[in-house]
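K.L.:
let me see the structure of the following:
(2 chains)
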Amino acid sequence: MQDPAGHAIDAALAAGAGYADARVVRRRAQLVATKNGEVDSVSDSETEGIGVRVLVDGAWGFAADPRLSEQGARDAAVRAVAFARASASRANARVELAPIPPAEGEYSPPVGRDPMEVPLEEKIALCLRAEEGMRRPEVKITEASVRAMRELRVFRSSEGASVTQHSVECGGGIDALAVSDDGCVQNRGFPSAHGGSSAQAGWEFVEGLGLEKEAPRVGEEAAALLTADTCPSGITTIVVDAEQMALQVHESVGHPTELDRVYGTEAAYAGTSFLRPEDLGSLRYGSEHMSITADPTTPLGLGTFGWDDEGAPARRQPVVEGGLLTGYIASRETSALVGHDLGGSMRADTWSRMPLVRMSNLHLEPGAGSLDDLIADVDDGLYLSTNKSWSIDDKRLNFQFGTQVAWEIKKGKLGRMLRDPTYMGVTPEFWGRLDAVAGPEEWTLFGLTNCGKGQPGQYAHVSHGASPARFHDVQVGVRR
Amino acid sequence: MTRALDLAERAVEAAEGDEADAFVHVESSGLARFAASAVHQPTLIRNESVTLRVVRDGRVGCATTNRTDDDGLASAARRAGEAADSSPVDPGFAGLQEAAPVPAVEGYDEATAAQSPEDQADAAAEAIAAAPGLGLYGYYTSGVTEVGVVSTAGQSVSQAMTDTSVLTLAASEDSSGYAEATSWRASDVDPAEVAREAAEKAVRTRGAQGLEPQTFRAVLEPYAVSELLFFFAFTSLNALAFLEGRSYLSGRLGEKLFDAGFTVRDDGLDARSYPKAFDLEGVPKQPVVMIEEGVARDVVWDRRTARQAGDDHVSTGHGLAAPQQAFGPIPFNLSVAAGDAASVGELAERVGDGVYVTRLHYLGIVDPREGILTGMTRDGTFLIEGGKVTRPVVNLRFTTSFPALAAGLLGLTKEVTLVNRSDFYDERYPFGTLVPAVATNAFTIVGTGSGPGL
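P.N.:
Just a heads-up that it's a prediction; the model follows:
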């Protein structure tokens, strides 16, 4: 490849930029989806281009162009400078960037069998076998899917940063939808709702998910939900499975600790945060059992990188320690605003989007004991499994989440299955009711690819590790 | 020949198979995003992409690329062919669109297409200047999108669309108000007026109080109606969900399910919306009445679901491009028929005592079959007391049945507003809903959240 990023930097500086960076991205992805024993979709997509970000008189500009030629790179740079210059006259403050040493190097995490090289026939066959296992008379729709992606990301900056990163992702999931004669509709999915789970890994990750092995249970539970009682309303103790805890961490810790939200940049769309910059080091986020870590070095994580999209090196850092807020997810700009070096977590969906403050991998640190131990200590409560619906307010305080299934807990034992469970809470109060997190043996990493943010919108691929956790005095069964 | 048609024809020529079609998307756009009254994330995007679908012996494969030189198209053709060869025969494949005339529609405006980055930054600045004393958050955007479909079955169509949107949140620590406007003509959108509306509403939200959750009578502004309607439509007015029994309308066609004043249609030809001549399979758009005076009549169809349903069903022109067809057909030109209320003030009079809702946030589908949705209100929630909009209240958590809401209508305004529904993820495809403000006797609040403001 030529060096389009280098050409873009040169052109941006020549046009008057005080700072410039450029990302070249080449991505290829495959998706195989089957439904009711037939192939629903087999697709193979590729996209490439360059995104150029500049500062002119302290104001940002960004332009993207699909041409990876010198001309395409220079055009993008000149347009970015023009947009920045047009915006700069209305800026009420100059953007300052926290200093970082110029990054240099190459990053390519190890993977086993390249998922892009796995024949499509093999992917289709796996999906069809997994689907077969879910079939029951009550299950009207069975679905399975696997995905794979390979990406090259080259970053250069006018400060001298120059890094090349390679990533490989794959994942998969299954879902069963049961429908009764009277119109009741229930679903179960595995290993995660909404498209399954992914990782930066080789094809062995997909094979290790156990889609075929779990399929009979998934089908049986979907069918059983049709005749299950509806989750009652009340205040009770809940044990939340690791998959739903991953969503809980994402929505009620990940997003509110994004420092751009704290400063209001996302106010019009995704929302702000109940946190304030001065809360760092003093705000009690939850009970002493709550520790959350941002870790872009996690093996298999979708948010794992060598450097972020500003060239900041990957760094593991705590966000909540023993219930105390001790970190934020940040960028160079927001680190400068808050006056702390909080590491870098700027990420762009692809070449055509400006980097935003994004979660990388954000984990609930494990406690001790097994899931059975958590349940054994509950006299009367619920065990909730697998996300079904989610909603949280613009400050990330009031949330209502639904799961696909619940089981009663009576005197330390799981009892009858319940359908349509929901629970709601207010973020710091809810986390304050955390009284146990299961141990490392229950800790599971989930990778999701649909975290939306920004205008124009962009998706982030992030991972969350969690163990099942227990909360007391939670409002459940709020469905009307 | 347009750029989209040229690319689509070249892609189809590159394909090797029994049949092929190509969907092309070309975008040039600018979005001046602002926060705290300063343009902060200005983004210019140029791109063009081709999705090629190849059919070999009844097997179907797709490939997408934005490398539009001959090598890129040849690579896409090879990969689509390999995908087809790898797949079993697709018994649900409904074939490619044959030659069919598409209606002439509006939706393209030269002046909008000619907007420069400077124009877009100026428009953002106009909005910011109109909301002094408050922080203004949001964006001004305009762009040109061209789509084209060419099939070996004979279809060859393209359409260029322009779009403009301004979205504003005026806010301080203890106040926030919202307004937006959208049109395919930039001259229809006045950024300063939109920002003033947001600012005026923000000032009224100071001192918000809590309230006890219950089912309220309510007035919903078009922004809120639009979001509820689209979520309901995505899960219930879609033929795939209908056929699979997941839709609220499954098994209920012909029944009176809603208030007699509730009529919902999808009309791609309506020039007040974002007009569309054909869907992303190249099928000409047909108007569809889905709910007529409260009676469930139909859903929207694509080629695949029409074939699956059998009988005399045909595509109504609501298909997505392969391979996104797993979502089923989507109504991109939804509208709710106007009512007889002269203003939202008259709707408040009909409500008597209740809540007034400007905008919603982060909707979730709790139960698609029953049309139950959850979410929060934000940026302008008030009490209605004695038929008047009075005090501000905090953001409210609703978990409510959309069918019950629409069955309990107390009125709709005469005026309808086009509300943008695109958040500009992936490729730009402008669409919106054309809706009035509504009053209902069934909006269920289950909790309270934070107050208005940053």
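K.L.:
got the contact list for the closest residue to B:Arg204 other than its chain neighbours?
P.N.:
What sits nearest to B:Arg204 in space, not counting adjacent residues and going by C-beta to C-beta, 6 or more residues apart in numbering or on different chains, is B:Pro392, at 6.2 Å. The C-beta positions use only the backbone N, C-alpha and C, and glycine is treated the same way. Residues in contact with B:Pro392 (C-beta atoms under 8 Å, 6 or more residues apart in numbering or on different chains) are B:204-209, B:381-383, B:452.
K.L.:
what about 7 Å?
P.N.:
With contacts taken as C-beta atoms under 7 Å, 6 or more residues apart in numbering or on different chains, B:Pro392 has the following neighbours: B:204-208, B:381-382, B:452.
K.L.:
partner strands of the helix or strand containing it and their direction?
P.N.:
Assigned by DSSP states H and E, B:Pro392 falls within strand B:388-392. Using DSSP bridges, strand B:388-392 pairs in its sheet with strand B:372-385 (antiparallel).
K.L.:
give me the domain ranges for chain B.
P.N.:
B:3-204, B:215-448 (automatic domain parsing).
K.L.:
chain neighbours aside, what residue packs nearest to A:Ser233?
P.N.:
Distances taken as C-beta to C-beta, 6+ apart put A:Gly477 closest to A:Ser233, at 3.6 Å, once the chain neighbours are dropped.
K.L.:
picking up where we left off before, so can I have JSON lines of the domains of chain B showing mean pLDDT?
P.N.:
What follows is these, written out as JSON lines (pLDDT from 0 to 100):
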{"stretch": "domain B:3-204", "mean pLDDT": "97"}
{"stretch": "domain B:215-448", "mean pLDDT": "96"}
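K.L.:
nearest to A:Arg316, out of those domains?
P.N.:
A:Arg316 lies closest, by C-beta to C-beta, to one member of the domains of chain B: domain B:3-204, at 27.9 Å.
K.L.:
for chain A, which helix is longest?
P.N.:
Longest helix of chain A, by residue count under DSSP state H: helix A:70-88.
K.L.:
out of the contacts of B:Pro392, flag the one nearest to chain A.
P.N.:
B:Pro452 (9.5 Å; C-beta to the nearest C-beta).
K.L.:
look at residue 452 and report its pLDDT.
P.N.:
You didn't pick a chain, so chain A it is. pLDDT recorded at A:Gly452 is 95.
K.L.:
hm, I was asking about chain B
P.N.:
Model confidence at B:Pro452, given as pLDDT, is 95.
K.L.:
SS state for the nearest residue to B:Gln41 once chain neighbours are set aside?
P.N.:
Distances taken as C-beta to C-beta, 6+ apart place B:Arg33 nearest to B:Gln41, at 4.0 Å, with adjacent residues excluded. Here B:Arg33 is strand, with the state taken from DSSP: H, G, I helix; E, B strand; the rest coil.
K.L.:
can you report how many residues lie near B:Arg33?
P.N.:
By other C-beta atoms under 10 Å in any protein chain shown, 27 other residues sit near B:Arg33.
K.L.:
residues contacting it?
P.N.:
Listed by C-beta under 7 Å, 6+ apart, the contact set of B:Arg33 reads A:455, B:40-43, B:139.
K.L.:
please tell me how far it sits from B:Leu169.
P.N.:
Distance, B:Arg33 to B:Leu169, by C-beta to C-beta, to the nearest Å: 12 Å.
K.L.:
extract the C-alpha set from the host helix or strand of B:Ala160 and format it as CSV.
P.N.:
Using DSSP H and E, B:Ala160 sits within strand B:156-172. Extracted C-alpha coordinates of strand B:156-172, given in CSV (Å, rounded to 0.1, in the frame of the first residue of the first chain):
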residue,chain,number,x,y,z
SER,B,156,-32.9,-0.5,-13.9
VAL,B,157,-33.8,2.4,-11.6
SER,B,158,-32.1,5.1,-9.6
GLN,B,159,-33.1,8.0,-7.4
ALA,B,160,-31.2,10.9,-5.9
MET,B,161,-32.5,12.3,-2.6
THR,B,162,-31.5,15.3,-0.6
ASP,B,163,-32.0,15.7,3.2
THR,B,164,-31.6,18.3,5.8
SER,B,165,-32.0,18.0,9.5
VAL,B,166,-31.4,20.3,12.5
LEU,B,167,-31.7,18.9,15.9
THR,B,168,-31.3,21.0,19.0
LEU,B,169,-31.2,20.5,22.8
ALA,B,170,-31.0,23.7,24.7
ALA,B,171,-29.9,22.9,28.2
SER,B,172,-28.3,24.1,31.5
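K.L.:
partner strands of whichever helix or strand comes after it, with direction?
P.N.:
Heading C-terminal from strand B:156-172, the first helix or strand you meet, by DSSP H and E, is strand B:175-183. Here strand B:175-183 is paired, per DSSP bridges, with strand B:156-172 (antiparallel).
K.L.:
for the strand holding B:Ala160, list every residue counted as buried.
P.N.:
B:156-172 (16 or more other C-beta atoms under 10 Å in any protein chain shown).
K.L.:
how far does it sit from the chain's center?
P.N.:
The chain centre lies 11 Å from the centre of strand B:156-172; the measure is C-alpha atoms, centre = their mean, to the nearest Å.
K.L.:
find the nearest non-adjacent residue to A:Leu448, please.
P.N.:
Spatial nearest neighbour of A:Leu448, chain neighbours left out: A:Val462 (6.2 Å); criterion: C-beta to C-beta, 6+ apart.
K.L.:
for the stretch 151-300 of chain A, what lies in contact range of chain B?
P.N.:
A:179, A:183, A:185, A:264-265, A:267-268, A:271-272, A:274 (C-beta under 7 Å from any C-beta of the partner chain).
K.L.:
now those residues: which count as buried?
P.N.:
Buried members of these, counted by 16+ other C-beta under 10 Å: A:179, A:185, A:264-265, A:267-268, A:271-272, A:274.
K.L.:
quick check: the two most widely separated of those residues?
P.N.:
Farthest-apart pair in these is A:Val179 and A:Gly264; separation 44.8 Å (C-beta to C-beta).
K.L.:
quick one: residues contacting A:Trp431.
P.N.:
Contact analysis of A:Trp431 by C-beta under 7 Å, 6+ apart lists A:285-287, A:290.
K.L.:
how does it look with 10 Å?
P.N.:
A:248-249, A:252-253, A:284-287, A:289-290, A:292, A:320, A:323, A:425, A:469, A:471 (C-beta atoms under 10 Å, 6 or more residues apart in numbering or on different chains).
K.L.:
OK, contacts around A:Ser352?
P.N.:
A:Ser352 neighbours (C-beta under 10 Å, 6+ apart): A:23, A:25, A:47, A:49-51, A:62-66, A:456, A:458, B:27, B:43-47, B:66, B:426-427.
K.L.:
just read off the phi/psi values of residue 365.
P.N.:
Assuming you mean chain A. Per-residue torsions, A:Glu365: phi -70, psi 140 (degrees, to the nearest 10).
K.L.:
can you count the residues close to A:Glu38?
P.N.:
By other C-beta under 10 Å, the residues close to A:Glu38 number 15.
K.L.:
state the pLDDT value of it.
P.N.:
93.
K.L.:
where do the strands sit along the stretch 301-450 of chain B?
P.N.:
With DSSP state E, counting those that start in this stretch, the ranges of strands along the stretch 301-450 of chain B come out as B:334-336, B:354-367, B:372-385, B:388-392, B:396-401, B:409-412, B:417-420, B:432-435, B:438-448.
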